[in-house]
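K.L.:
Fold the following, please.
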Amino acid sequence: MNIFKLLSAEFSKIAAHKGILVSVIAALLVPVVYGGILLSATWGPYDNLDNLPVAVVNNDQGAISEGEPINVGDQLVANMKEGKDLGWEFVSSTDAMRGLQKNDYYMAIIIPEDLSQRVTTVMEPDPRKLELEYIQNEGMNFLASKVTETATQRIREQLADTITQNYTAKVFSSLDDVSDGFGRAADGSARLSDGTTQLHNGTQELLNSVTSKQSDITKLANGTQELKDGTALLLSKLEGKSGDISKLADGSQELHDGSKQLLAGLQKAEAGSEELKNGVASNLAPGARGVADGTIRLKDGAGKLATGAKELEQGLKKFGDANPSTKLPPYAESYDQIIAGAEKLAAGLESLTTKSGKLSDGAVKVADGIDNKVVPGTVQLHNGLNQLVAGQKKLENGAGQIADGNAKVETGWQELITGVSKLDNGAGRIAEGNAAVDEGWKKLSTGAAKLEDGAGKVDDGSEELASGLKEGADKTSGLNTGEENAQMFSSPVQLASDTVNDYEYYRDSTAPYVLTLGLFVGILIMSMFINFKRPADVSSISWFTVKFMNLTILSLFQAVLLLMTVFFILKMNVANPLGLVLFTIVVSIVFSAIVLFLAAAAGNIGRFIALAFVILQLSITGANLPREMLPENLRALSEFLPFTYSIEGFKSVITLGDWGAAVTNMSILLAYLILFALLSVTVFIFMKKSQKQKQNVEAAM
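P.N.:
The predicted model follows:
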């Protein structure tokens, strides 16, 4: 019998039975009903979030920050009321817990009592993190729990941005104080540099003065030593000649003349020693002591300043560690310059401290040498000369008395010996004092040289310090610390979002799943009204062809009805309309082959298997979740299910506009078509053999 005649007979039977005809027409409308109902909605799942009841409990007691009251909880509640991200209901803790137990709320957010108090610890050494408690009623709806959790995270981010902005504002305010401090330090260091320059000039003058008098002091020491030698020699000779009275009478006149000259020289020496003593006591000693005291104060001040600079450097580094954003562009360069200036300042002050210590030690040694050796030596020199003058006067008187009479020679000679002995002792003390003066003067020269060298280094260091402080002040004063900069530091990242292949309505995202399900279920229902019994005079291939064409034509009718609903009634925005038409036809034919095989092989049991086949594919073929989010075993199973490629193909032509992906999925579905067509042919051949065997058995009986 001709295949087309058989097909015509099939449709004639359907038309002849009104019940079957109505049932077939109803089955043809199944995809239309699916699409018309499930794809008609134009609302989205996030359009009515403010209807989700969420309890908010504000227990914040507030706090005092820098003398001003703050209440972060009230600010947070005010922001919630303005935003209306969810259906906020501001209640007490008791009402919130009762509402969660009665399933009145999807979530409860609890603001603790110490929220504002924790905010005030942000600048303290041990800051306390803010805690915001939320309790979700996940059993009411899983998607709603994820939406409320996302809203809570957004609240946390807003709260964190607010706290960070306040912290940054305080840090920037501190930077202004640092810049002012640098400026004041630069001014002070400039004055210090001027003072150290004057000190350097003074030490140079002192060094020149001391070194220029070194030769005179040496000559004085040598002269007093010669005087000592001379008086010793005089005493020995006087003692050796005491018995020689006649020679004494002859030499008395010469002694008288010499004593006059000696007296004149001693008087000059006495006057010079008086000036030396006064000069050393009134000028040199106080000046040297003043220099020593000044250098000690200089050393102490430089040490304190160096310690402060080191602390400043460490503080800046801690601030950088606590705020990683300062090490990122565009603020990294300014921050590095601040750190470099602080390190240079600390190094310069440490060098100044070391050099001023050496300067102080040299000045103290000079002052001690003058006080302990030079001053006593000049006093001793003056006293000895006084005694020497007095003795010389007596010597002159004695010489005069010798000239007056030999009667008093013996007594006078003894007095002369006594006087010369005193003169010798005084000359010895003068010699020792002048030697000490000479030694002390040499030390004074050495100390003055060290003092001059140290003063030069202090001068250089103070100039370097002034330059570094001024540079630091210039750099810190150039930092921008306004409100916009504080906002930039507190929230430096702003997301710029865009969307490709976006959905016009939420229904567009479910369209691939709805179209697939509608086509398969419609074909499955239509298979219930098709008779799969084989006429006796029809071959297995013809039998298969007629039934396949019958089911395919009906499935094409329902595909056309579904497409008309999508294009003309729902007016969906489709990226590739022609591709949607072609892909829908292919899917309908493939599903016809699958349903034909199951219905022909097992009848209603096969249809039940087909229904179970649909249920199996609902959650693992990309309908609810992307297949990439499935467990590995389910993801592997989904690769063998036709709904996977039907949903992906519809998605490609409806929203993605990716015809290449649609062709790939269409090719895989055509492979399913060939596979199930061959299986159906096998079933029909097997059924024909079974029918023929049954007929043979009946004929034999």
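
K.L.:
Glu439 against Lys373, yeah?
P.N.:
Yes: under the criterion of CB atoms under 8 Å, Glu439 makes contact with Lys373 at 7.2 Å. Backbone N, C-alpha and C define where each C-beta goes, glycine included.

K.L.:
more crowded one of those two?
P.N.:
Neighbour comparison, Glu439 and Lys373: the larger count goes to Lys373, with 19 against 16 (by other CB atoms under 10 Å).

K.L.:
The closest residue to that one other than its chain neighbours and Val375: what is the separation?
P.N.:
Residue nearest to Lys373 in three dimensions, not counting chain neighbours: Gly440, with 4.2 Å by CB to CB, 6 or more residues apart in numbering. Between Gly440 and Val375 the computed distance is 9 Å (CB to CB, to the nearest Å).

K.L.:
Please identify the helix or strand for the residue nearest to Lys373.
P.N.:
Assigned by DSSP states H and E, Gly440 belongs to helix 409-477.

K.L.:
now Tyr134
P.N.:
strand 133-136.

K.L.:
So for that strand, what gets flagged as buried?
P.N.:
Going by neighbour count (16 or more other CB atoms under 10 Å), the buried part of strand 133-136 is Tyr134, Gln136.

K.L.:
what does the domain assignment say about the protein?
P.N.:
Annotated domains of the chain cover 3-43+505-700, 52-168, 213-471 [automatic domain parsing].

K.L.:
okay, these in a markdown table with distance to Gly202 next?
P.N.:
Listed next are these as a markdown table, based on distance: least, CB to CB, whole Å:
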| stretch | distance to Gly202 |
| --- | --- |
| domain 3-43+505-700 | 84 |
| domain 52-168 | 48 |
| domain 213-471 | 8 |
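
K.L.:
out of Gly440 and Val375, which sits in the busier spot?
P.N.:
Gly440 (24 against 18).

K.L.:
which ones are touching that one?
P.N.:
Applying CB atoms under 8 Å, 6 or more residues apart in numbering to Gly440 gives the contacts Gly369, Ile370, Lys373, Val374, Gly377.

K.L.:
these two touch, right, the fourth one and Gly447?
P.N.:
To tie it back to what came earlier, the one meant is Val374. No: contact criterion CB under 8 Å: Val374 and Gly447 do not qualify, at 11.9 Å.

K.L.:
quick revisit: okay, the residue nearest to Lys373 and Ser215: tell me how far apart.
P.N.:
Taking CB to CB, one finds Gly440 at 15 Å from Ser215.

K.L.:
same check, this time on Glu311
P.N.:
Counting by CB to CB, the gap from Glu311 to Ser215 is 51 Å.

K.L.:
Of the two, which one has the most company?
P.N.:
Glu311 (12 against 9).

K.L.:
Model confidence for the more buried one, exactly?
P.N.:
Note on Glu311: pLDDT of 82.

K.L.:
roughly how far apart are it and Glu124?
P.N.:
Glu311 sits 18 Å away from Glu124, going by CB to CB.

K.L.:
Same question for Ala575.
P.N.:
58 Å.

K.L.:
any idea how far the residue most central in space within the chain lies from Tyr335?
P.N.:
When CA atoms, centre = their mean is applied to the chain, the residue found nearest the centroid is Pro324 (1.1 Å). Look at Pro324 and Tyr335: by CB to CB, they are 11 Å apart.

K.L.:
Next: Gly461.
P.N.:
Separation of Gly461 from Tyr335 (CB to CB): 26 Å.

K.L.:
and those two? which has more neighbours close in?
P.N.:
A side-by-side neighbour count of Gly461 and Tyr335, using other CB under 10 Å, places Gly461 first with 24 against 19.

K.L.:
Could you find the closest non-adjacent residue to that one?
P.N.:
Nearest residue to Gly461, sequence neighbours excluded (CB to CB, 6+ apart): Leu352, at 4.0 Å.

K.L.:
for Glu131, same thing?
P.N.:
Pro112 (5.7 Å).

K.L.:
Let me see the contact set for the one you found.
P.N.:
So Pro112 contacts Asn59, Asp60, Glu131, Leu132, Glu133 (CB under 8 Å, 6+ apart).

K.L.:
Pick out whichever of those sits closest to Lys344.
P.N.:
Closest approach to Lys344 among these (CB to CB): Glu131, at 43.8 Å.

K.L.:
Over to the closest one. Which of the three states is it?
P.N.:
Following DSSP: H, G, I helix; E, B strand; the rest coil, we place Glu131 in the coil state.
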